[in-house]
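J.: Just need the structure, nothing else, for what follows:
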Amino acid sequence: MIKILFVCYGNICRSPMAEYVMKDLAAKRGLSDCFLIDSAATSTEEIGNRVHHGARGKLKEMGIYCGDHRSRQMRRADYEAYDYLIGMDTWNIRNMLRIVGKDPKKKICRLLDYTKAPGDIADPWYTGNFDETYEDVAEGCEALLAYVTEHDLA
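T.: Numbering: from 1, shown residues only. This is a model prediction of the structure:
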């Protein structure tokens, strides 16, 4: 089983969006049993809060259900528990490394690093553009799924 943890600052916009997009992609390909997919925050600000209404609305528009997700903070133990720890931007990566210490197994990277155009995914909390964030998340999840399918499930 491949274990993936998506991480952003508050775990109410980008990382839960990535979690549920990835779960949806895996399900549509009949691969749900091959994955354990979750998400977390680097901060404590939103702990226990539900998915932001803008992210929830965009997922619903795309036919993706995000349930009763509640924000949680990433823990040091997550480094050993997950195969991939995927941040949404460079700042998230710095904070993830602060939480886990070091990354000797090279498990930590940005979601868009799996695409042809590596970079940061903009935080819709600040931009208000959930459509753009969704497009980046979907592109990143497709690329990550292709990578994992080729390297870990082959």
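J.: Can you name every helix or strand that the helix or strand where A146 lies contacts?
T.: A146 belongs to helix 130-151 when assigned by DSSP states H and E. Judged by 3 or more Cβ pairs under 8 Å, 6 or more residues apart in numbering; DSSP states H and E, helix 130-151 is in contact with strand 2-8, helix 14-28, helix 53-61, strand 84-87, helix 124-127. Just so you know, the C-beta spots here come from the backbone N, C-alpha and C atoms, and that holds for glycine as well.
J.: Tabulate these (JSON lines), appending mean neighbour count and mean pLDDT.
T.: Putting those into JSON lines (neighbours: other Cβ atoms under 10 Å; pLDDT from 0 to 100) gives the following:
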{"stretch": "strand 2-8", "mean neighbour count": "25", "mean pLDDT": "98"}
{"stretch": "helix 14-28", "mean neighbour count": "24", "mean pLDDT": "98"}
{"stretch": "helix 53-61", "mean neighbour count": "17", "mean pLDDT": "97"}
{"stretch": "strand 84-87", "mean neighbour count": "26", "mean pLDDT": "98"}
{"stretch": "helix 124-127", "mean neighbour count": "14", "mean pLDDT": "96"}
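J.: Out of these, the one nearest A138 is which?
T.: helix 14-28 (5.6 Å; Cβ to Cβ).
J.: buried set for the next helix or strand after that closest one?
T.: Downstream of helix 14-28, the first helix or strand assigned by DSSP H and E is strand 35-41. Neighbour-count burial for strand 35-41, counted by 16 or more other Cβ atoms under 10 Å, picks out F35, I37, D38, S39, A40, A41.
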